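Q: Everything below, folded, please.
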Amino acid sequence: MSKSFAVFTSDKSGGSSGGLTAHIERKKLDQATGQFVPFTPDSVIHPERTKLNREFILKPGDSRTAAIARRIKEANVSGKIRANAVHSLQFVATSDHEKMAELERTGKLDEWVQDVIDFCKEQFGAENVVSVVLHMDEKTPHLHITVVPIVSGPTKERKTKPKLDEDGKVIPKRRYKRKEGNRLCAKEVNCRANMFKWQDEFAAKMAKYGMVRGIPGSGQKHTDPSVWNAALGILGMDERSKKFRAKVDEIQQEHKDAIARLQDNHSKELNDQESRHAAEVKALTDTIAKQKKHIDGEPNRQAAAVNSVKQDLKEVNDKLANANGTITALKNRIGQQNKQLSQAQTDVRTATKRADDAEKEVKQLQDAVAVGRGYLSALARVLYRLSEVIQEAVSALIARAGNMDRAYRYSFTPGQAMAVNAGLNEIPTDRQTAADLLWELSEPEMKRLKFLDGWKKDARNNLNELAKDESLVNLDAARQLHK
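A: Numbering: from 1, shown residues only. Okay, the predicted model is just below:
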């Protein structure tokens, strides 16, 4: 029997997290009307169960975004909050699909929800847990917990690598006054040590439901919902393209079969009519021959025979007239059937055009697949931006742009050159493209600090030189660049 793991994952969001809020609350802001309207994410596969979703903390009419801002204001956070500060931590609590279905089936789901809420309040403080939402309309029931990372006490000293001057000596770190009171600091709450602690204690709390802790150090990572939904979207487009192509082929085959049936029916009916008319003409001819023979063989009854023949001829003429009328009607019917055949041929041409249009739509869907894959590539670039090596490279580039030291006025310091070069090597593309990305990440901060255009231009030139020359990867090469 497979194990059911106790899942407790975390993420963070800044001041504006409209996309995540829309996913959690199942509503979004309509820009045209300024009102909130219902919203159904791609991850919803049971829309009929959306009515079972529940909020356990917020009151009706309140919003998650307002609750986060309200908690930060109530905490009276000391100091100015940075524009890029993390305002909330997002946690997801769940287990595998079978285990969650079992909890719902046995009536233990509400008890499990309350245990998760109690656990979060114990870990983060009851006042910092501002929203808990249960989603029942996706594949597996799960909880979204929103926590505002308020901490108390002085700030902790940050561990950084020592910086060296041009002689290789350690440059003393600058000391700043530590903040007191309540602070908004996701880094202290969502640290590695706490993550290990949460996994141990959450698994212990969930043990009574038959859940166990995940394997420590397994290397498994949580897939971001946007990446997962994008991948599902690409696979869905490929499948819809195949189904559409099959439908076009089915329509073409139906038209071919209809034309064949019409042609067979027309040929059979014409043959039957010709056979019947030939038999009638032959019968009439035989009758005339018999009457004529009778007249020739009996002269005495010639007058009566002539009258009889005239009567027979009249009947023959009437039948011929009727036959001609029937033939005319058949010709009219054949004309109508020819029109139907012409219409069927027109339908075939229309179906062929629809098939051509379908091929164009398939091509557009394939282009959409390529765009989706490009979107995944863009997501990968965003992940690279979050790496520590790239952050240090960006910091070094910003420091170079604001460097007023006469000794390094026109170049990187050795430490800056090494940090920037490490960032260039971190990005899996050509060095010039990597340099463009580093500049794109650092330029907004330079604008905020109001660096002179000349300083930024010199820093940009130094970055391009470093990207072109892969030999500038060590301290001696950096010194040579300075000379």
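Q: pLDDT on the helix or strand hosting Asn332, on average?
A: Here Asn332, judged by DSSP states H and E, is contained in helix 302-385. Within the predicted structure, the mean pLDDT of helix 302-385 is 79.
Q: ok, now stretch 114-127?
A: The predicted confidence, averaged over stretch 114-127, sits at 95.
Q: before we move on, what about stretch 29-39?
A: In this model, stretch 29-39 has a mean pLDDT of 85.
Q: Show me where the stretch 351-483 of the chain has its helices.
A: According to DSSP state H, counting those that start in this stretch, the stretch 351-483 of the chain carries its helices in the segments 388-401, 414-426, 431-449, 453-468, 475-482.
Q: Could you look over the ones you listed and pick the most buried one?
A: Counting by mean count of other C-beta atoms under 10 Å, helix 414-426 has the highest mean neighbour count of these, with a mean of 22. (C-beta placed from N, C-alpha, C; glycine too.)
Q: Quick check: phi and psi at Thr50.
A: Its backbone dihedrals place Thr50 at phi -60, psi -30, with angles given as degrees, to the nearest 10.
Q: Count residues in the vicinity of it, would you?
A: The criterion is other C-beta atoms under 10 Å. On that basis, Thr50 has 15 neighbouring residues.
Q: nearest residue to it other than its sequence neighbours?
A: Spatial nearest neighbour of Thr50, excluding adjacent residues (C-beta to C-beta, 6 or more residues apart in numbering): Asp137 at 4.3 Å.
Q: Please work out which helix or strand belonging to this structure has the smallest mean pLDDT.
A: Ranked by mean pLDDT, DSSP states H and E, the helix or strand of the chain with the weakest confidence is helix 475-482, at a mean of 47.
Q: before we move on, the earlier item: what's the closest of the helices of the stretch 351-483 of the chain to Ala258?
A: In this view, the helices of the stretch 351-483 of the chain are compared for proximity to Ala258 by C-beta to C-beta, and helix 431-449 is the closest at 57.4 Å.
Q: What ranges does the stretch 101-250 of the chain have for its strands?
A: Counting by DSSP state E, counting those that start in this stretch, the stretch 101-250 of the chain has strands at residues 129-135, 142-147, 150-151, 163-164, 170-171, 183-184, 211-212.
Q: Quick one: those as TSV, columns for distance to Ile68 and mean neighbour count too.
A: TSV is the format used below for the strands of the stretch 101-250 of the chain (distance: least, C-beta to C-beta, whole Å; neighbours: other C-beta atoms under 10 Å):
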stretch	distance to Ile68	mean neighbour count
strand 129-135	6	22
strand 142-147	7	23
strand 150-151	11	20
strand 163-164	37	16
strand 170-171	39	10
strand 183-184	10	20
strand 211-212	29	18
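Q: can you list those in JSON lines and add distance to Thr328?
A: What follows is the strands of the stretch 101-250 of the chain, written out as JSON lines (distance: least, C-beta to C-beta, whole Å):
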{"stretch": "strand 129-135", "distance to Thr328": "75"}
{"stretch": "strand 142-147", "distance to Thr328": "78"}
{"stretch": "strand 150-151", "distance to Thr328": "97"}
{"stretch": "strand 163-164", "distance to Thr328": "107"}
{"stretch": "strand 170-171", "distance to Thr328": "111"}
{"stretch": "strand 183-184", "distance to Thr328": "96"}
{"stretch": "strand 211-212", "distance to Thr328": "87"}
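Q: on that earlier part again, which helices and strands sit right next to the helix holding Asn332?
A: Helix 302-385 makes packing contacts with helix 225-297, helix 431-449 when contacts are defined by 3 or more C-beta pairs under 8 Å, 6 or more residues apart in numbering; DSSP states H and E.
Q: will you turn those into JSON lines that also has mean pLDDT and distance to Leu58?
A: Shown next, in JSON lines, are these (pLDDT from 0 to 100; distance: least, C-beta to C-beta, whole Å):
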{"stretch": "helix 225-297", "mean pLDDT": "70", "distance to Leu58": "21"}
{"stretch": "helix 431-449", "mean pLDDT": "89", "distance to Leu58": "34"}
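Q: picking up where we left off before, residues near the residue nearest to Thr50, how many?
A: 19.
Q: Now for the spatially closest residue to Thr433 that is not a sequence neighbour, how many residues are close by?
A: Leaving out its chain neighbours, the residue that sits closest to Thr433 by C-beta to C-beta, 6+ apart is Ile427, at 7.6 Å. Number of residues near Ile427 (other C-beta under 10 Å) recorded here: 21.
Q: now Ile57
A: In terms of burial, Ile57 registers 18 neighbours under the definition other C-beta under 10 Å.
Q: Assign a three-state SS to it, would you?
A: Classification of Ile57 by DSSP: H, G, I helix; E, B strand; the rest coil places it in coil.
Q: what about the closest residue to Ser395 other than its chain neighbours, distance to Glu166?
A: Closest residue in space to Ser395, ignoring its immediate chain neighbours: Ala419 at 7.3 Å, by C-beta to C-beta, 6+ apart. Distance check for Ala419 against Glu166: by C-beta to C-beta, to the nearest Å, it reads 15 Å.
Q: can you check Glu25 too?
A: The spacing between Glu25 and Glu166, counted by C-beta to C-beta, is 56 Å.
Q: Also Ala422?
A: Summarising the geometry, the distance separating Ala422 from Glu166, computed by C-beta to C-beta, is 19 Å.
Q: same thing with Arg213?
A: Following C-beta to C-beta, the distance that separates Arg213 from Glu166 is 51 Å.
Q: And for Gln31?
A: 55 Å.
Q: With neighbour numbers in mind, choose between those two.
A: When neighbours are counted by other C-beta under 10 Å, Gln31 and Glu166 differ, and Glu166 comes out ahead with 15 against 6.
Q: tell me the pLDDT at the nearest residue to the more buried one once chain neighbours are set aside?
A: If the residues on either side of it in the chain are set aside, Glu166 comes closest to Pro414, at 6.4 Å by C-beta to C-beta, 6+ apart. Predicted confidence (pLDDT) at Pro414: the value is 85.
Q: correct me, but Pro414 touches Lys163?
A: No. Assessed by C-beta atoms under 8 Å, Pro414 is found out of contact with Lys163, at 9.9 Å.
Q: Out of the helices and strands packed on helix 302-385, flag the one nearest Asn182.
A: With distances scored as C-beta to C-beta, the stretch of the helices and strands packed on helix 302-385 nearest to Asn182 is helix 431-449 (26.1 Å).
Q: which sections of the stretch 1-150 of the chain are below the confidence cut-off?
A: Filtered on pLDDT under 70, the stretch 1-150 of the chain yields the residue ranges 1, 12-17.
Q: Show me the helices in it, by range?
A: Here the stretch 1-150 of the chain has its helices, by DSSP H, counting those that start in this stretch, at 18-25, 64-74, 97-105, 109-124.
Q: dump the residue contacts of Gln263.
A: Taking C-beta atoms under 8 Å, 6 or more residues apart in numbering, we find Gln263 in contact with Leu341.
Q: Alright, calling it a day.
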